[in-house]
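Visitor: Build me a model from this:
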Amino acid sequence: MGHRPIKLLLGTLVSIAATMTASNATALGLGKIKLESSLNQPLDAEIELFEVRELTASEIRVSIASRDDFERIGVDKTFFLSDLRFKVVLDQADNPVIEVSSRKLVREPFLNFVIQVQWPSGKLLREYTLLMD
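Guide: You can find the predicted model right below:
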């Protein structure tokens, strides 16, 4: 448990560093995650998107991060994470989000994962932890 603060700090630093490498003109940002499901249900959550500007949904690519990124940040990449699906929804300009879902039921009390977001002028990584109860 003593390594958790280091993991959180490292995850935050990776997110900040990745964001800083992006062009200021279209520096996309990720906000909080809002959980809409519970334990023993398929995952249903939304991640806030900031500074979308003129980007289209097809220009914003979201995926689970690579195994190397998980290792560098210090997060275990479990098999369940390969089932996560991401959909960029820009229908409401004042509330753009990334919908996160799964087909499988979430059986663990918490999920810890790292996502990668890419757009034409940048890329960022962000760690999220969800308590499922």
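Visitor: contacting residues around the residue nearest the centre of the chain?
Guide: Taking C-alpha atoms, centre = their mean as the criterion, residue 115 is the residue nearest the geometric centre of the chain, at 3.8 Å. Neighbour list for residue 115: 30, 47, 62, 63, 64, 65, 86, 98, 125, 126, 128 [criterion: C-beta atoms under 8 Å, 6 or more residues apart in numbering]. All C-beta spots, glycine's among them, are computed from the backbone N, C-alpha and C.
Visitor: May I have the strands that pair with the strand or helix carrying it, each with its orientation?
Guide: Assessed by DSSP states H and E, residue 115 sits inside strand 110-119. Under the criterion DSSP bridges, strand 110-119 sits next to strand 61-64 (antiparallel), strand 122-131 (antiparallel) in its sheet.
Visitor: returning to that earlier point: now the residue nearest to the centre of the chain: how far from residue 77?
Guide: Distance, residue 115 to residue 77, by C-beta to C-beta, to the nearest Å: 12 Å.
Visitor: shared neighbours, the two?
Guide: When C-beta under 8 Å, 6+ apart defines a contact, the residues bordering residue 115 and residue 77 alike are residue 64.
Visitor: quick one on the thing from earlier: possible to save the strands paired with strand 110-119 as a markdown table with mean pLDDT?
Guide: A markdown table is the format used below for the strands paired with strand 110-119 (pLDDT from 0 to 100):
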| stretch | mean pLDDT |
| --- | --- |
| strand 61-64 | 98 |
| strand 122-131 | 96 |
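Visitor: Check the burial of residue 116 by counting its neighbours.
Guide: Close neighbours of residue 116, defined as other C-beta atoms under 10 Å, add up to 17.
Visitor: Now it: closest residue in space, sequence neighbours ignored.
Guide: Nearest residue to residue 116, sequence neighbours excluded (C-beta to C-beta, 6 or more residues apart in numbering): residue 65, at 4.5 Å.
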